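Engineer: need coordinates for the following:
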Amino acid sequence: MLRAWALIFCSFFSLQVFAANPALNISFTRLPGNSINEHKVRYEDLKGKVVLVDFWATWCEPCKEALPHYSALYKKYKKQGLVVLAVNEDDNEKERDAYLKKSPYPFPVFVDQERKFMNSFDVVAIPTVFVFDKNTKPVTFVRGFDAKKAQALEKTIQDLLNTK
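Structural biologist: Residues are numbered from 1 along each chain as shown. Reported below is the predicted structural model:
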């Protein structure tokens, strides 16, 4: 129980620190490779878009809870300029592929087998989602997933989409 409270506190504190300090060394200058599903994107296509980058794995229950929410956000806001990129951190390719066959998503899914992309974002736990503005500058990140975080994330996305 104490461990759970520590994780909640750290996640909340991290969100506040990041939002207050945009100078953190997070740089989004490339994609983690090629998408493994039928949804393709090039880094150049992200210019002028609000981008949500989600780090997830099939063994992570909160990740699997979050992905349908990000799918709904994407469907709701894609015409306004939202792009969602899912970065899978599974070691087991068969489990990942079986999960994606059962639960296809309407946005590109990437594999980060050597965790280089995850490490470049300083991700220490999953699920972790980052939101970038229309200039691919980091705006916020969220560790974990619950209804309150989902609402705050959607509000941030709405605000960024309404920014010129």
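
Engineer: where in the protein is pLDDT low?
Structural biologist: 1-25 (pLDDT under 70).

Engineer: ranges for the strands of it?
Structural biologist: 50-56, 82-88, 109-111, 128-132, 138-143 (DSSP state E).

Engineer: what count of nearby residues applies to Glu154?
Structural biologist: By the criterion of other Cβ atoms under 10 Å, Glu154 has 15 neighbours. For every residue, glycine as well, the C-beta is placed using N, CA and C.

Engineer: doesn't Leu73 make contact with it?
Structural biologist: Yes: applying Cβ atoms under 8 Å as the test, Glu154 and Leu73 come out as touching, 6.2 Å apart.

Engineer: now Val53: how far from Tyr74?
Structural biologist: Going from Val53 to Tyr74 by Cβ to Cβ, to the nearest Å gives 12 Å.

Engineer: bridged to the closest residue to Val124 other than its chain neighbours, which residues?
Structural biologist: Using Cβ to Cβ, 6 or more residues apart in numbering and skipping residues adjacent in sequence, the residue nearest Val124 is Arg143, 7.9 Å away. Beta-bridge pairing for Arg143 (DSSP bridges): Thr128.

Engineer: beta partners of Leu85?
Structural biologist: Assigned bridge partners for Leu85, using DSSP bridges, are Val53.

Engineer: now do the same contact list for the spatially most central residue of the chain.
Structural biologist: Taking Cα atoms, centre = their mean as the criterion, Asp54 is the residue nearest the geometric centre of the chain, at 1.9 Å. When contacts are counted by Cβ atoms under 8 Å, 6 or more residues apart in numbering, Asp54 touches Cys63, Ala66, Leu67, Tyr70, Val84, Leu85, Ala86, Val87, Pro127, Thr128, Val129.

Engineer: surely the third one meets Tyr105?
Structural biologist: Yes: Leu67 is in contact with Tyr105 according to Cβ under 8 Å; the separation is 6.3 Å.

Engineer: comparing these two, which residue is more hemmed in?
Structural biologist: Leu67 (23 against 17).

Engineer: for the closest residue to Phe28 other than its chain neighbours, give its distance to Leu100.
Structural biologist: Counting by Cβ to Cβ, 6+ apart, Thr136 is the residue found nearest to Phe28 once chain neighbours are left out, at 4.9 Å. Using Cβ to Cβ, Thr136 is found at 26 Å from Leu100.
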